[in-house]
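In: what's the 3D shape of this:
(2 chains, ligands or ions: 1)
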Number of protein chains: 2
Amino acid sequence: EDQELLLAAAYVSDAQYNRNVPFETSPQAIRLYHFYNHWTMRAATYFFIWVNLALALFEEPAVFPLPFLVTSIAEVLCLTAFFGRLVHFAKVTPQKVFWKDTKNICVMVTIVLTLIDLVIYGSLEAVNIRGVRWSRALRPVFLINFPESRQIRRTFRSIRNTLPDILYVFLLFLFSMMIFSLMALKLFGDRDLRTVEGSPYFTNILDIAFELYVLVTTANSPDVMMPAYELNWWYSLYFITYIIINTYIFMSVFLAVIYNNYRKHLKNEIHTLAYLKHHKMTEAFNILKVKVGTEFVVKEARWRRLVKVVAPDVSSSHLELLLRISDEGQKGHVDKVNFLRLADLLNIRVVAINIKKHPLETWMPRVYQSSTSLLVQKMVQHRQVRWSQIFVWVYDVIILINAIFIALDEKDSLISYAEWLFLSLYIIEILLKLYTYEPSAYFGRKQFWNWFDTLIIIAALLATVANTTIQARKYNSQQVLDIVLILRILRLLRVIVSIQRFRVIVTTLINIGPTMLTFGGLVLVVYYAFAIIGMEVFHGKIHFLDPGSGSPDALVCGNPALKDSAFAQGRYCKNNFNDLASSLILLTELTVVNHFALLADGFALVTHQAAKLYFIGFHVVVVILIVNIFIAFILEAFFVAY
Amino acid sequence: EDQELLLAAAYVSDAQYNRNVPFETSPQAIRLYHFYNHWTMRAATYFFIWVNLALALFEEPAVFPLPFLVTSIAEVLCLTAFFGRLVHFAKVTPQKVFWKDTKNICVMVTIVLTLIDLVIYGSLEAVNIRGVRWSRALRPVFLINFPESRQIRRTFRSIRNTLPDILYVFLLFLFSMMIFSLMALKLFGDRDLRTVEGSPYFTNILDIAFELYVLVTTANSPDVMMPAYELNWWYSLYFITYIIINTYIFMSVFLAVIYNNYRKHLKNEIHTLAYLKHHKMTEAFNILKVKVGTEFVVKEARWRRLVKVVAPDVSSSHLELLLRISDEGQKGHVDKVNFLRLADLLNIRVVAINIKKHPLETWMPRVYQSSTSLLVQKMVQHRQVRWSQIFVWVYDVIILINAIFIALDEKDSLISYAEWLFLSLYIIEILLKLYTYEPSAYFGRKQFWNWFDTLIIIAALLATVANTTIQARKYNSQQVLDIVLILRILRLLRVIVSIQRFRVIVTTLINIGPTMLTFGGLVLVVYYAFAIIGMEVFHGKIHFLDPGSGSPDALVCGNPALKDSAFAQGRYCKNNFNDLASSLILLTELTVVNHFALLADGFALVTHQAAKLYFIGFHVVVVILIVNIFIAFILEAFFVAY
Ligand code: NA
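Out: Sure, this is the predicted structure:
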């Protein structure tokens, strides 16, 4: 009896959370499976995944250096945890399924490879040879391949399914680039033209191909065109044609193909999920069903116990509500159709709304209901649309004036007094609202904008107090000062609260937040792998030396190969792969694409021309694939929301 | 009787071409209306529109200078033609409708304004004062406002409908920029930081706002970040946050809103068009109907005469086909349902396919049917999929080798012989195809790829012959040489013909060609207006002087205000507004966005800082609005095609 309930609960829970893990149905396996899905176990797994990823901050080249012994012990600990999780999973799932699943194999292979790498690197370290910690680039494998990261995996699958379609467009794009490269070689190669820097212009087919690839990113426009354009303005038509075809049309086609596949894939996934949910709920029903009259049903008592197992935190009023929905006729049992809906019902969040009187109305009804008081309330609620909009407009104007005051010099004591005035006005507004609306309703769970508004004001208040204290005591921690400053400026965000159309846009953006987080995971995986590779290849080649020191090395980023390069002249020395933070920032710059070629050239100069392939690879993966998927995400989210 | 037929024909013709012009139904007006829609009249209108637009090439500042008298006479001629067209239209359409239509008012006002401007400019010219030819910026009005440009107007309407939605997103975007500007001012303003050029960094709120706007275009990334980043790497988070919010999220939201509106609008337009078409066809039916039995019908003879009036060029076999479709039961009349379909039926292009024997088969059947001949035919048709794909692959490899030969130095005589070898191989391929397929079928009207393939080879053949002649005669026209060169390289496009997936992508792109042309018209309108304004404001401020002359003026583009500017150092002097061609090329560069700030700075230096507003305005209109509509175009086209 209890076993059956546990098994059914496992099915329902899987349906509720869209989990899709085949598990053994022996009593012990079911209990282990419940334990496997417990939130503490999932949290622990995520903890170790993040610790493992974060190790790159402490390993050579480090932001915060720690000895190899410490980081390697931490890594072995993480690997042990991953291995434990995998063994746990192996006990839950049928053996055959376990060994067929690529995810498990991936995790195991990565654990073994990492151990091998650790041993080799450690031994070399012992005899003072610097090895390459290549297995670090594999760390994101753990983030992707544990069953918890279903969303990220789904996105990866979507990318994989898009690849064949993308590939042909990409090949056609390369072909077009090749034709244009040949034309450029023939048109400009023998003209003895020079670039602004004085180097020969379009004489080597490989250089031309690279320049034209960069032109797709727009990063060398219009410089790449100028020498030819100076010769004859007709030649600009060559470049304009190239830009229209390759930069505009091809890049849009990439977006179109990716977006199209993304939608198709999304539809398929939703169908599959719905099918699996139905299937699991039917399994659960079949376990619990009894025959009443001609139809199979689940008895009320049993249904209650099931819900208690699936959702132990559910309140009794919520449980009664669910029951009343599922057993409409109050027959004492739930039929199949209603039972199958349970997984979806459990996902609906129930908000209890209490229509209470305002406490002030209870305490002093005469004052609260007086005509002045009612006028104030009407104004705050802006019910009478015409004139009471004034309340909103007045505060918008106040915020605007506040913005101007912030822009002005704050050393003026008048302005620092004004600061307090504005804050008081904001606090009065909040108080007026609390006077008008019942406080527990105003700060209800779903009242996002009220919370937002209040928190901003509290933050600004705290920041202003902190600022005054700091100024009085001549305390001087720059970071604290900066945070205080940002908090004080953020109060201007209140404008969003008061303009309806702004709120709609921001709400849409906030609603896609969870999906964005998935996307963030995807970006992290790719960035991390590229950062590790970048650190292994380019580490220590470029240094930032304080230009104030006057050392001639500072002007060439500590590397004479950069003499007279645009990289050094642009003072780009900080853009290097010398630690994880710098690498990630540099990769972000490369994602933005501007000065892409300048950065790639810099690293090619200090290593080898082939280094450009790393940058082109990054561009293809991140800008052509991932950024387009991001745009597809936002497009789809907006179509659904509007 | 004849009058009725003409009126009905006018309705059917309007339905066929989706025209929506209310016209008078008096006999004279109908005849005038038929004349108004005649292709010669439409062609003449377009001719004058283009002449009028092209005048900017010949007016000061001119690419090909002509005296003011000549251009002004030409302009007056164009205006007369436009006025004539308008009068013609006024005779056709009811008076009330004519004066209510903004299009007509627009055209009239523009004609009057242009005349006023001409007179003023001419008078000033007479007394040797240089005036401003401001009315030239209005010329695109004619392109938009004649009934012929329905498509462009539709796109404009779509943009106008999108504006309210876009506006709020844009305001929120500006608001976000303001908050970030304030933060930057407070965070970096007092730090005494310097940019690479040595100017103060982030000290003035207007400069900050401009820099941050430019960062949205990515044009100053990562330079704008470097001084703060050098101070402390935490500050890079400020810029990364800014880029994620404003460059990625907001720009995607712009695309989403525009795309969403574009689709909605497209759907509405299609509904309206379908409704109007139905309405007009019903009108036509009501004119021609007679009662037969219980239902109203159109008699066969009358129907034939109608079709002859609507489509005079229709062949008699085509007419019979249409009749057989419309009068399925061969009852001698067309019923209402079938009559309403006529407009759509007329739009369907009919291709007559003749299944003829190959001429060689008729002339020498024995040879053509011999086993060797059949083998050749099978190979060319690659019917037996496995081994006869070889034919295609062999030619792909030949093209690849050809590409390599083109890249090599052609002064080598071996390579110039190889040229002929490749050409012969291609011609043999075409001949083999003509041997296999019946020639008139192979060059059928819908056989786009066969035509493409053959034309490319013929062009390459002509180019190679021309090249040999030129080399022999030491003839040296650079432009002819360049065209010959391009034609010879374009033969590599044959690869597209042989790879199925490439053909699908290119076919999709070619199918959206007509819509792209509409889009081109839209772009032209905007570019033209901006170019004229740019020429009036920035003309002659920046000159390109041959740097070989060694004149110090050449290094500052003839304007000392550009001394030490990035504009002059980057040798950008050719990017100026000194004539229409240069202006359009510069606007294209601004559309590509890269070095947007550098170009804007250059023109601000030689005039006034406010000049940057011109560039920001161009960016908002072209990059945020029009480029996104272009992407929406392509996305939609691909979704429909795939
Ligand atoms: Na750029």
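
In: in chain A, where is pLDDT below threshold?
Out: A:147-148, A:351-354, A:382-388, A:409-411, A:473-477, A:641-642 (pLDDT under 70).

In: of all of it, which residue lies closest to the ion?
Out: Here the residue of chain A nearest the ion is residue A:594; by C-beta to the ion that distance is 3.7 Å. The way it works is simple: take the backbone N, C-alpha and C, and place the C-beta from them, glycine included.

In: quick one: that residue is in a helix?
Out: No. Using DSSP: H, G, I helix; E, B strand; the rest coil, the assignment for residue A:594 is coil, not a helix.

In: quick check: phi and psi at it.
Out: Per-residue torsions, residue A:594: phi -60, psi 140 (degrees, to the nearest 10).

In: quick one: the helices in the stretch 401-550 of chain A?
Out: A:413-436, A:439-442, A:448-473, A:478-490, A:494-498, A:500-511, A:513-538 (DSSP state H, counting those that start in this stretch).

In: need those helices in TSV with mean neighbour count, can you?
Out: Listed next are those as TSV, based on neighbours: other C-beta atoms under 10 Å in any protein chain shown:
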stretch	mean neighbour count
helix A:413-436	15
helix A:439-442	13
helix A:448-473	15
helix A:478-490	17
helix A:494-498	19
helix A:500-511	15
helix A:513-538	18
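
In: and of those helices, who's closest to residue A:215?
Out: Closest to residue A:215 of those is helix A:513-538 (C-beta to C-beta; 22.9 Å).

In: show me what that closest one is packed against.
Out: Judged by 3 or more C-beta pairs under 8 Å, 6 or more residues apart in numbering or on different chains; DSSP states H and E, helix A:513-538 is in contact with helix A:140-145, helix A:150-188, helix A:580-592, helix A:611-618, helix A:627-641.

In: let me know the angle separating that helix from helix A:627-641.
Out: 180 degrees (axes from the mean of the first three to the mean of the last three C-alpha atoms, to 10 degrees).

In: give the next helix or strand downstream of helix A:513-538.
Out: Next along the chain after helix A:513-538, taking DSSP states H and E as the criterion, comes helix A:552-555.

In: check the offset of that following helix from the chain's centre.
Out: 38 Å (C-alpha atoms, centre = their mean, to the nearest Å).

In: contacts for the next helix or strand after it, please.
Out: Going down the chain from helix A:552-555, the next helix or strand is helix A:566-569, by DSSP H and E. For helix A:566-569, the external contacting residues (C-beta atoms under 8 Å, 6 or more residues apart in numbering or on different chains) are A:197, A:555, A:556, A:557, A:562, A:598, A:599, A:601, A:602, A:605, B:196.

In: so how far is residue A:416 from the first one?
Out: In this structure, residue A:197 lies at 51 Å from residue A:416, with C-beta to C-beta, to the nearest Å as the measure.

In: do the last one as well
Out: Remark: distance between residue B:196 and residue A:416 (C-beta to C-beta) = 35 Å.

In: then the second one?
Out: Shown here: residue A:555 relative to residue A:416, a distance of 43 Å by C-beta to C-beta.

In: returning to that earlier point: which stretch among the helices of the stretch 401-550 of chain A comes nearest residue B:393?
Out: Judging the helices of the stretch 401-550 of chain A by C-beta to C-beta, what sits closest to residue B:393 is helix A:513-538, at 35.7 Å.

In: returning to that earlier point: redo the helices of the stretch 401-550 of chain A as a markdown table? Include distance to the ion.
Out: As requested, the helices of the stretch 401-550 of chain A are exported to a markdown table (distance: least, C-beta to the ion, whole Å):
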| stretch | distance to the ion |
| --- | --- |
| helix A:413-436 | 39 |
| helix A:439-442 | 47 |
| helix A:448-473 | 35 |
| helix A:478-490 | 28 |
| helix A:494-498 | 30 |
| helix A:500-511 | 25 |
| helix A:513-538 | 20 |
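
In: out of those, which is closest to residue B:109?
Out: With C-beta to C-beta as the measure, helix A:500-511 is the member of these nearest residue B:109 (34.2 Å).

In: helices or strands up against that closest one?
Out: If you count contacts as 3+ C-beta pairs under 8 Å, 6+ apart, helix A:500-511 packs onto helix A:448-473, helix A:494-498, helix A:627-641, helix B:150-188.

In: tell me the domain ranges of chain A?
Out: For chain A, the structural domains run A:38-145, A:155-268, A:359-496, A:513-641, going by automatic domain parsing.

In: quote the end-to-end distance of the second one.
Out: For domain A:155-268, the first and last residues are 13 Å from each other (C-alpha to C-alpha, to the nearest Å).

In: middle-most residue in chain A, spatially?
Out: residue A:520 (2.5 Å; C-alpha atoms, centre = their mean).

In: for stretch A:568-584, what is the distance to the chain centroid?
Out: Remark: stretch A:568-584 is offset 24 Å from the chain centroid, using C-alpha atoms, centre = their mean.

In: straight-line length of that stretch, end to end?
Out: With C-alpha to C-alpha, one end of stretch A:568-584 sits 20 Å from the other.

In: flag every buried residue along that stretch.
Out: Buried residues in stretch A:568-584, counted by 16 or more other C-beta atoms under 10 Å in any protein chain shown: A:568, A:570-584.

In: equivalent analysis for stretch A:241-256, please.
Out: Buried residues in stretch A:241-256, counted by 16+ other C-beta under 10 Å: A:242-256.

In: picking up where we left off before, separation between the residue nearest to the centre of chain A and residue B:364?
Out: 72 Å.

In: which residues touch residue A:235?
Out: A:187, A:188, A:225, A:228, A:229.

In: I'd assumed residue A:241 was in contact with the third one.
Out: What it means is residue A:225. No. Contact criterion C-beta atoms under 8 Å: residue A:225 and residue A:241 do not qualify, at 11.6 Å.

In: show me which residues of the stretch 501-642 of chain A are close to chain B?
Out: Contacts of the stretch 501-642 of chain A with chain B, taken as C-beta under 8 Å from any C-beta of the partner chain, map to A:501-502, A:505-506, A:509, A:544, A:569-572, A:574-575, A:581-582, A:585, A:588-589, A:592-595, A:627, A:630-631, A:634-635, A:637-639, A:642.
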